[in-house]
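Chemist: Build me a structure from this.
(chains A, B, C and D)
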Number of protein chains: 2
Amino acid sequence: MITGKFAITTHILTLLAKFPDEYMASDYIAGSLNIHPVLVRKEIANLKKHHLVESKEGKNGGTKLIKPAAMISMEAIFNMTFEKMSFGFSKNDPNPECPVGKQINNNLTALYDDINIAIVNKLKSISLEEFSEQF
Amino acid sequence: MITGKFAITTHILTLLAKFPDEYMASDYIAGSLNIHPVLVRKEIANLKKHHLVESKEGKNGGTKLIKPAAMISMEAIFNMTFEKMSFGFSKNDPNPECPVGKQINNNLTALYDDINIAIVNKLKSISLEEFSEQF
DNA sequence: AAAACTGTAACAAATTTTATTATATATAGA
DNA sequence: TCTATATATAATAAAATTTGTTACAGTTTT
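Modeler: Okay, the predicted model is just below:
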């Protein structure tokens, strides 16, 4: 997982929500984030895949939202930037001869699934519009 | 953050909960996890710092729980292995001249704090005993 | 005293994340 | 039509983080 993915995507969308009528250049966005423009474009590619933004190439080009910020929930951003939230797994496969080793990953997954439900319930209730109005 | 920390610590505690009367050696635990014993000892050092286990050095030594698994909540494990849950921040400091850049990290932090409350509420309700009974 | 442990620090290897470079393509406007 | 300014994306390099290993000192049992 790219650790900054949620934060970067949220930052991009907040900027776009602030200027919904402009095509905003990735260089400008990168300047606000202070990261490389290519990383911004990679996240924009993901946003496009999820039909939240469109881009225009060429001079005066850039990216803008294609749906109102009020219709975009933080849950959508979450789902777009994490496969799924997790507290992680140990890197190696645990010992299948051990009753605990054999099942630990299944049981952790079940726990993480429960936690995802709690997270998503919270995020559902917040729109990008609300989030960006804080700025 | 060590990505496998929660999983490793939970695995260790589950083993200890299964054999509450034995001192269990880090080599044995490492065999179940299939990781290096030194990593196990590092996590055990953390568990000791939080007064959940004690170790005995020397021959026949090892580690065991010092409180009943029913009295240890998954929340305690969570708090011990994460400073705090977060969906991450962009690596570089955002541009302070930009209204969004200036505030994004504060606003993300506030959002993450809300989510932590939801997570912790869920984890509070699950004890290590319940978790380890699944095995 | 020897064997079987824990406790740590220091270092190395592997993996993941982030940054950069390079190249192709599109569009606006002089 | 030419030039400047954009996007798009792949390939590679650099940096950071995580995991693994080694080494060695200390403890306890037999």
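
Chemist: Past the helix or strand hosting residue A:39, which element shows up next along the chain?
Modeler: According to DSSP states H and E, residue A:39 maps onto helix A:37-49. With elements assigned by DSSP H and E, the helix or strand that comes after helix A:37-49 is strand A:53-56.

Chemist: What lies in contact with stretch A:101-109?
Modeler: With contact meaning Cβ atoms under 8 Å, 6 or more residues apart in numbering or on different chains, stretch A:101-109 is reached by A:87, A:89, A:94-96, B:7, B:10-11, B:14, B:32-34, B:131, B:134-135. Backbone N, C-alpha and C define where each C-beta goes, glycine included.

Chemist: Max pairwise distance over the residues you listed: which two?
Modeler: The span of those, defined through Cβ to Cβ, is set by A:87 and A:96 at 22.0 Å.

Chemist: which of those two has more neighbours?
Modeler: Remark: of residue A:87 and residue A:96, residue A:87 carries more neighbours, 24 against 10, as counted by other Cβ atoms under 10 Å in any protein chain shown.

Chemist: three-state assignment of the closest residue to the more buried one other than its chain neighbours?
Modeler: Spatially, and ignoring its direct neighbours in sequence, residue A:87 is nearest to residue B:6 (3.9 Å; Cβ to Cβ, 6 or more residues apart in numbering or on different chains). Assigned state for residue B:6: helix (three-state reduction, DSSP: H, G, I helix; E, B strand; the rest coil).

Chemist: contacting residues for residue B:6?
Modeler: Shown in contact with residue B:6 (Cβ under 8 Å, 6+ apart): A:87-88, B:77-78, B:81-82.

Chemist: Correct me if wrong: residue A:7 contacts residue B:88.
Modeler: Yes. With contact defined as Cβ atoms under 8 Å, residue A:7 counts as touching residue B:88 (5.4 Å).

Chemist: between those two, who's got more neighbours?
Modeler: Each of residue A:7 and residue B:88 has its neighbours counted (other Cβ under 10 Å); residue A:7 has more, 23 against 18.

Chemist: excluding its backbone neighbours, what's nearest residue A:95?
Modeler: Nearest residue to residue A:95 in three dimensions, chain neighbours excluded: residue A:101, at 3.9 Å (Cβ to Cβ, 6+ apart).

Chemist: The helix or strand hosting that neighbour: which residues count as buried?
Modeler: Using DSSP H and E, residue A:101 sits within helix A:99-124. By neighbour count on 16 or more other Cβ atoms under 10 Å in any protein chain shown, the buried set for helix A:99-124 is A:100-101, A:104, A:107-108, A:111-112, A:115-116, A:118-120, A:122-123.

Chemist: Please apply the same query to stretch A:41-49.
Modeler: Those would be A:41, A:43-44, A:46-47, for stretch A:41-49 by 16+ other Cβ under 10 Å.

Chemist: Spit out the contact partners of the closest residue to residue A:41 other than its chain neighbours.
Modeler: In this structure, residue A:41 finds its nearest non-sequential neighbour in residue A:26, 5.0 Å apart by Cβ to Cβ, 6+ apart. Counting by Cβ under 8 Å, 6+ apart, residue A:26 makes contact with A:37, A:40-41, A:44, A:62-63.

Chemist: Dihedrals phi and psi, the residue in chain A sticking out farthest from the centre?
Modeler: Distance from the C-alpha centroid of chain A, by Cα atoms, centre = their mean, peaks at residue A:97 (38.4 Å). Main-chain dihedrals, residue A:97, degrees, to the nearest 10: phi -80, psi -20.

Chemist: Output the residue of chain A whose distance to DNA strand C is smallest.
Modeler: Closest approach between chain A and DNA strand C, counting by Cβ to the nearest atom of the strand: residue A:58, at 2.0 Å.
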